[in-house]
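[1] mind folding the following:
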Amino acid sequence: MKRVFYFIISIALVSASCNKQNQAPETRLDEKVDTAGNAALLQYAGRFVNGPYGSAMGSAKIYQLGNTRFILALDSVSISNGPDLHVYLSKEVQPLNFIDLGRLKSTNGNQLYEISGMPDFSAYKYALIHCQQYNHLFGSAALKK
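    All right, here's what the predicted structure looks like:
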């Protein structure tokens, strides 16, 4: 009887942690970098590949705006949903040394993330979609010039 009780409690906890409140919105976004003139220069780009715990399609691009401002643009993304999804710039595919750019705004469309400071992009060469709560990688994009 104890085993059944613990099993039911375990299922309830997993279900509660994966509920819609913890998941990214699925509304299609259409945020774009203003590339008119020379205001935004594309510096790095890569295509997403699936991680072991989810799927990710689309591309990641880093634009330089002015001398000291950088933006990560996720273009035409389609990402499987999960709890506590964040966007990282990382030195490795499995994030050990990373910059958290914030929660994933949506699982679909185009979205922009401000990159604070001036990270060394020769070291931070991956854009990741990562579940912080369970340390699960949903997708990665190797960023190249």
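
[2] can you list the low-confidence ranges for this structure?
    Within the chain, the ranges that satisfy pLDDT under 70 run 1-21, 37.

[3] what segments of it are strands?
    In the chain, the strands defined using DSSP state E lie at 29-30, 40-50, 56-65, 69-79, 85-90, 98-103, 108-115, 126-131, 136-142.

[4] for the second one, name the packing helices and strands.
    In other words, strand 40-50. Counting contacts by 3 or more Cβ pairs under 8 Å, 6 or more residues apart in numbering; DSSP states H and E, strand 40-50 packs against strand 56-65, strand 69-79, strand 126-131, strand 136-142. (C-beta placed from N, C-alpha, C; glycine too.)

[5] for the last one, which positions count as buried?
    Along strand 136-142, these residues count as buried under the neighbour rule (16 or more other Cβ atoms under 10 Å): 136, 137, 138, 139, 140, 141.

[6] make TSV out of those residues and add distance to residue 34.
    Formatted as TSV, the buried residues of strand 136-142 follow (distance: Cβ to Cβ, whole Å):
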residue	distance to residue 34
136	34
137	31
138	28
139	26
140	27
141	22
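
[7] considering those residues, which is situated nearest to residue 27?
    Nearest to residue 27 among the buried residues of strand 136-142, counting by Cβ to Cβ, is residue 138 at 18.1 Å.

[8] quick one on the thing from earlier: looking at the strands of the chain, which is closest to residue 23?
    With Cβ to Cβ as the criterion, residue 23 lies closest to strand 85-90 of these, at 7.5 Å.

[9] contacts made by that closest one with the rest, please.
    23-24, 72, 74, 79, 95-104, 107, 113, 115, 119, 124, 126-132, 138, 140 (Cβ atoms under 8 Å, 6 or more residues apart in numbering).

[10] same question, stretch 27-42
    Residues outside stretch 27-42 that contact it (Cβ under 8 Å, 6+ apart): 61-66, 71, 73, 105-106, 108-112.

[11] try 10 Å this time
    61-66, 69, 71-75, 77-78, 105-113, 145 (Cβ atoms under 10 Å, 6 or more residues apart in numbering).
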